[in-house]
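Chemist: Pasting a predicted model and its sequence here:
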Amino acid sequence: MIKAEWFYWLVGAIFLVMAAQMATDRTNPKRFGTAAFWGLLGLGFVYSTWVVDKSAPAEPLGVAVLVMVCLAGFGFTGRGKVRTSTAEERAASADRLGSKIFIPALTIPVVALICAVGVKKLRIGGP
């Protein structure tokens, strides 16, 4: 059975990967503060599992949140240089793709509608 904690651990792992990426981004002058922010957020997602089942105290999680507030509030976080394509590359891509670029965005509501209507009638391993 899939537990909700696994999802939180996955989200925490993604934030920890982001923290590592921020720490190695040499174009960001505030990379260590930014990495600390995302790292604390990721660790908070993982640590909160033990706080919820009462096997760990909640105080370290509260301290981490306060440190994150201080990091963001006092300007220790920032962005590096954004890597993007040139205007000419974007225009060429738009000409090549045309209206096909909307297919992923329109697929989301179609799949949601199919799941909302069809999944309620689906039975797995039961009467």
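Modeler: Sure thing, it's come through.
Chemist: pLDDT weak spots in this structure?
Modeler: Judged against pLDDT under 70, the low-scoring parts of the chain cover residues 1-2, 126-127.
Chemist: same thing but at 80, please
Modeler: Counting by pLDDT under 80, the ranges of the chain that qualify are 1-3, 118-127.
Chemist: Tell me where it has helices.
Modeler: Secondary structure of the chain by DSSP state H: the helices cover 4-24, 31-52, 59-73, 87-97, 103-118.
Chemist: can you put those helices in TSV and add mean neighbour count and distance to residue 124?
Modeler: From N, CA and C alone the C-beta is placed, and that goes for glycine too. Shown next, in TSV, are these (neighbours: other CB atoms under 10 Å; distance: least, CB to CB, whole Å):
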stretch	mean neighbour count	distance to residue 124
helix 4-24	15	20
helix 31-52	19	27
helix 59-73	13	37
helix 87-97	10	38
helix 103-118	9	13
